[in-house]
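Trainee: One predicted model, sequence on top.
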Amino acid sequence: MNIAYSCDNAYIEQTGISLISVFENNKDEKEIVVYLISKGITKENIEILDSICKSYNRSLIVVKFEDICFDLPPCSVGRHLETIYAKVFFSRIEGLDKVLYLDSDVVVVGKLKPLWENDLSEKYMGVVETTYTKGKKALGIPRSTPFFNDGVVLVNVDYCRENNLISKVIEQVNAFGGNPPVLSEGVLNKICGQNVKYISLRYNLISGNLYFGLYDYDYLFEQLHYEKEDLIDSCENPVIVHYIAGFYNRPWCKKCTHPFKEFYLYYKSISPWKDSPLQDKDLSFKIKVAGLAYKVFGCRFIDKIRDILGLLD
């Protein structure tokens, strides 16, 4: 089983804690190889991650970001760094045929084998649909077309290699002047959206889907192309929890209200960062108001208002 992360020094703590969650819940896997796509990560931090891998008898392979992403056009370096594009370039890693890419802000709380064994024949990747679809209009994607989150992606590297995914992505990034809508997620949806396999929501429980699911399952069912029973079970029994800030904040922040924040805090407590203080960062006023509005006025009413204002595309 191949697992990949891509980050810089700013997300080492989250990456390490995520790694521990993978190893703790998949001890029966004979072999797990971790690929770390490093964007200037210090030797000291690499040694910390390597020591975590060795403590579970797992292997770490470090790949410099610039060695595989050398022709990525200049792109946004705001909240999202270039590292999010690394998943596009896995085909340049020799000998790699399939890999599970994980954003650093996830924890794994169950077995990954059922996910890993998905048949991706003639598919670029296995993905999970999201309710967050901002950017569809600019990308030229019909509103009714499913839209996936690219923070957890089971990548068929061989198929990406055979179909020259890298060139297609670079062409699209250039077409948007280096900053396509939703960045790597937008470009991958535009290029691969009709040729991906949608997997259970439990393998990438992002905060938006969780929020709408726990609050209004019927609304979530209307938004996504999943069976209602799977949506309910996934929200209550996830395998991979993805801590996008959403309406909850992050579990490494003091004011986090995420229903599954204790998973992260537990793996933190058995990590080298167990004594690291939580951050004071809070949600923006805009996000707080939006979350409250959905609860007070209802999801459908707020979506109608957003549609009128042109905020849904």
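Mentor: Received it, and whenever you're ready, just let me know what you need. Numbers count the residues shown, from 1 in each chain.

Trainee: residue ranges of the helices in the chain, please?
Mentor: With helices called from DSSP state H, the chain shows them at 12-24, 43-55, 65-68, 113-116, 136-139, 157-162, 165-175, 183-192, 207-215, 217-223, 228-236, 261-269, 285-297, 299-308.

Trainee: and of those helices, who's closest to Leu278?
Mentor: helix 261-269 (8.8 Å; Cβ to Cβ). Backbone N, C-alpha and C define where each C-beta goes, glycine included.

Trainee: The closest one: which residues count as buried?
Mentor: Lys261, Phe263, Tyr264, Leu265, Tyr266, Tyr267, Lys268 (16 or more other Cβ atoms under 10 Å).

Trainee: could you give the angle of that helix to helix 12-24?
Mentor: Between helix 261-269 and helix 12-24, the angle comes out at 100 degrees (axes from the mean of the first three to the mean of the last three Cα atoms, to 10 degrees).

Trainee: okay, now Thr276: neighbour count?
Mentor: Residue 276: Ser, not Thr. Counted by other Cβ atoms under 10 Å, the residues lying close to Ser276 total 12.

Trainee: and what of Phe90?
Mentor: When neighbours are counted by other Cβ under 10 Å, Phe90 comes out with 27.

Trainee: Skip the chain neighbours and tell me the closest residue to it.
Mentor: Distances taken as Cβ to Cβ, 6 or more residues apart in numbering place Val157 nearest to Phe90, at 4.9 Å, with adjacent residues excluded.

Trainee: you'd agree that neighbour is up against Phe89?
Mentor: No. Between Val157 and Phe89 there is no contact under Cβ atoms under 8 Å: 10.1 Å.

Trainee: quick one: common contacting residues for these two?
Mentor: Common neighbours of Val157 and Phe89 are not found (criterion: Cβ atoms under 8 Å, 6 or more residues apart in numbering).

Trainee: Spit out the contact partners of the residue nearest to Phe90.
Mentor: Per Cβ under 8 Å, 6+ apart, neighbours of Val157: Phe90, Ser91, Ile93, Leu96, Asp97, Lys98, Val99.

Trainee: Then Lys87?
Mentor: By Cβ under 8 Å, 6+ apart, the residues touching Lys87 are Ala4, Ser6, Tyr101, Asp150, Val153, Val155, Ser184.

Trainee: how far away is the residue nearest to Phe90 from Leu100?
Mentor: Applying Cβ to Cβ, to the nearest Å, the value for Val157 to Leu100 is 11 Å.

Trainee: Could you do Ala4 as well?
Mentor: 7 Å.

Trainee: same thing with Ala138?
Mentor: 29 Å.

Trainee: For these two, indicate the residue with more neighbours.
Mentor: Per other Cβ under 10 Å, whichever of Ala138 and Leu100 has more neighbours is Leu100, with 23 against 14.

Trainee: what pairs with Asp127 across the strands?
Mentor: Careful, residue 127 is Val; it's not Asp. On the basis of DSSP bridges, Val127 is bridged to Tyr198.

Trainee: thinking again about what came up before, can you redo the helices of the chain as CSV with distance to Pro74?
Mentor: Listed next are these as CSV, based on distance: least, Cβ to Cβ, whole Å:
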stretch, distance to Pro74
helix 12-24, 25
helix 43-55, 25
helix 65-68, 13
helix 113-116, 34
helix 136-139, 19
helix 157-162, 23
helix 165-175, 9
helix 183-192, 12
helix 207-215, 29
helix 217-223, 34
helix 228-236, 37
helix 261-269, 33
helix 285-297, 28
helix 299-308, 32
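
Trainee: Those helices: which one's closest to Ser276?
Mentor: Proximity to Ser276 (Cβ to Cβ) singles out helix 12-24 among the helices of the chain, at 6.2 Å.

Trainee: That closest one vs helix 43-55, what angle?
Mentor: Using the same axes, to 10 degrees: helix 12-24 against helix 43-55 is 10 degrees.

Trainee: where does the chain dip in pLDDT?
Mentor: Scanning the chain for pLDDT under 70 picks out the ranges 75-80, 309-313.
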